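what shape does this take:
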Amino acid sequence: MDILSDILSKVKLTSVVYFKSDFSEPWGMEIPKGPFAQFHIVTKGQCVLKSIDKTIQLFAGDIVVFPFGASHWL
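Below you'll find the model as predicted:
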């Protein structure tokens, strides 16, 4: 079992919202603060992630997790 699968197998989920998107330039979306953890997986290409205190470049293979559902922008 890989590390991510091991971690996710120990997490107790109470609800799930899942969607797969394929974006092309220019695009962006604001994700509001939510009551649950949120995560994003970049499967191809790249994007910029902005949170209240940080801006980072994400590339294919990157995973970002907001354990407390913080607002952010992709």
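
what about the chain, any weak spots by pLDDT?
1, 13-16 (pLDDT under 70).

try 80
Within the chain, the segments meeting pLDDT under 80 span 1, 4, 7-8, 10-20.

let me see the ranges of the strands in it.
30-31, 38-41, 46-50, 55-59, 63-66, 72-73 (DSSP state E).

need those strands in CSV (columns: mean neighbour count).
C-betas here are computed from N, CA, C, even on glycine. Formatted as CSV, the strands of the chain follow (neighbours: other Cβ atoms under 10 Å):
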stretch, mean neighbour count
strand 30-31, 12
strand 38-41, 14
strand 46-50, 14
strand 55-59, 11
strand 63-66, 14
strand 72-73, 16
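
relative to Lys10, which of these is closest?
Nearest to Lys10, of all those, is strand 63-66, at 13.9 Å by Cβ to Cβ.

chain center to the closest one, what's the gap?
Its chain's average C-alpha position is 5 Å from that of strand 63-66, according to Cα atoms, centre = their mean, to the nearest Å.

now for Pro26: which residues touch it?
Not one residue lies near Pro26 by Cβ atoms under 8 Å, 6 or more residues apart in numbering.

so that it lines up with my notes, have the first residue be 50 from now on.
Shifting the count to begin at 50 puts that one at Pro75.
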